[in-house]
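Novice: model the following, please.
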Amino acid sequence: MDGGRRKLKSLDGPLKAVGGAGGAGSGRARAIYSSRPVQTPILRAEPVAYRAPERPAADPRKVASPKVSPTLIRPGTGWAAVVLLFVTTGVYGATIGQRWNDFGAVLAAGPSMFAAGSGLILANIDVQGRKILTDEEIVSAIGAKPGESFVFLDADAARARLMQNPLVVSATVRKLYPDTIAVSVVEREPYALWQRGQKMSVIAVDGTVIEGIEEGRFANLPLLVGQGADTSAKAFLAQLGSYPELKKNIYAMVRVGDRRWNLRLTNGMDVKLPERHVEEALALFVKLDAAYQLKDRDITELDLRRPGTPTVRLSDEAAAQLAAKPEKKAAGT
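Specialist: Have a look, this model is predicted:
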């Protein structure tokens, strides 16, 4: 092809005449020839330099900042690694030295050590409603004492332990951060000791028999003896409330046949009360004692079961002395 993008024919073959400018109508032919061979031209494609389109200065291309991939280490992984290292080292050391007990003790103390390091140390145990429970009973039920950590203390479990005490009717346990445990209790109110043979129990005002506690701490309570005394004592003690001086001198109240009461006084005298009209019999005893100082005499028994006819029984020594007096009088006449 030439510069005008026309096809070029090879000139190696025989020459032919072509029409001139006048065309076929001119009637003449003109020969075109050359004395030397014509070489086929070599065509080369010239490279065109690429030029990026110009961008307006008012709208420059913004270069996006490279995205940062999130870190592969999550928060807390470092602490987990430290704990894992500690446990692994401990297990290895326990295996080598056969010190599994010591290692277990260290692991058990781990939560307390952590809590102590955080500053959450028990400083106060605030107890409301307590009248009988001791400090030792409260602390034992809670499971923590001042100076120890209470972060991992289970308040519900502490309440359950407190409710196992037979003196407790209801209880609540709360943790008040940073350093206080609040305890609220409702106690049963003991009012008498109850003896059946060799067995001793405590009876509460509501009639509940409280087993499993040391009766020595309630030695100042009235002593009831015999079957049925636990259910009948409340009404009888209400009657005795009208005679406080007599009540102070009563050592025990003995239920007889689950029908009536005998009073055992601190001087050893027994006062037999009737099955009915008990309050009248008590009033009579107080009157006789004021007139004859019965509690100061050698009387072992005062029987008030027959209304209007009280009888007394003297001690053997007093009876012997009384029997000897008429003989002395007769000998002197």
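
Novice: contacts and neighbour counts: CA atoms only from here.
Specialist: Will do.

Novice: where along the stretch 101-250 of the chain do the strands fall?
Specialist: Using DSSP state E, counting those that start in this stretch, the strands of the stretch 101-250 of the chain run over residues 124-128, 168-176, 180-187, 190-196, 199-204, 209-210, 223-225, 250-256.

Novice: for those, give me JSON lines that also has mean pLDDT.
Specialist: Below are the strands of the stretch 101-250 of the chain laid out as JSON lines (pLDDT from 0 to 100):
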{"stretch": "strand 124-128", "mean pLDDT": "91"}
{"stretch": "strand 168-176", "mean pLDDT": "93"}
{"stretch": "strand 180-187", "mean pLDDT": "94"}
{"stretch": "strand 190-196", "mean pLDDT": "89"}
{"stretch": "strand 199-204", "mean pLDDT": "88"}
{"stretch": "strand 209-210", "mean pLDDT": "86"}
{"stretch": "strand 223-225", "mean pLDDT": "93"}
{"stretch": "strand 250-256", "mean pLDDT": "94"}
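
Novice: of those strands, flag the one that's most buried.
Specialist: Sort those by mean neighbour count, taking mean count of other C-alpha atoms under 10 Å, and strand 223-225 sits at the top with a mean of 24.

Novice: okay, now the sheet partners of that one, with direction.
Specialist: strand 190-196 (parallel), strand 250-256 (parallel) (DSSP bridges).

Novice: still on that earlier bit, turn the strands of the stretch 101-250 of the chain into CSV, columns for distance to residue 292.
Specialist: Compiled in CSV, the strands of the stretch 101-250 of the chain are given as follows (distance: least, C-alpha to C-alpha, whole Å):
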stretch, distance to residue 292
strand 124-128, 50
strand 168-176, 47
strand 180-187, 44
strand 190-196, 31
strand 199-204, 36
strand 209-210, 40
strand 223-225, 27
strand 250-256, 18
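
Novice: looking at those, which is closest to residue 299?
Specialist: With C-alpha to C-alpha, the closest approach to residue 299 among those belongs to strand 250-256: 15.2 Å.

Novice: list of residues touching the helix or strand that comes right after the closest one?
Specialist: Where DSSP states H and E defines the elements, the next helix or strand beyond strand 250-256 is strand 260-265. The contact list for strand 260-265 (C-alpha atoms under 8 Å, 6 or more residues apart in numbering) reads 249-256, 270-276.

Novice: what strands line up against strand 260-265, and which way round?
Specialist: Partner strands for strand 260-265, per DSSP bridges, with pairing direction: strand 250-256 (antiparallel), strand 270-272 (antiparallel).

Novice: nearest to residue 285, of these?
Specialist: With C-alpha to C-alpha as the measure, strand 270-272 is the member of the strands paired with strand 260-265 nearest residue 285 (8.5 Å).

Novice: could you list the residues in contact with that closest one?
Specialist: 261-265, 300-305.

Novice: so after that strand, what's the next helix or strand?
Specialist: Toward the C-terminus from strand 270-272 - assigned by DSSP H and E - lies helix 278-292.
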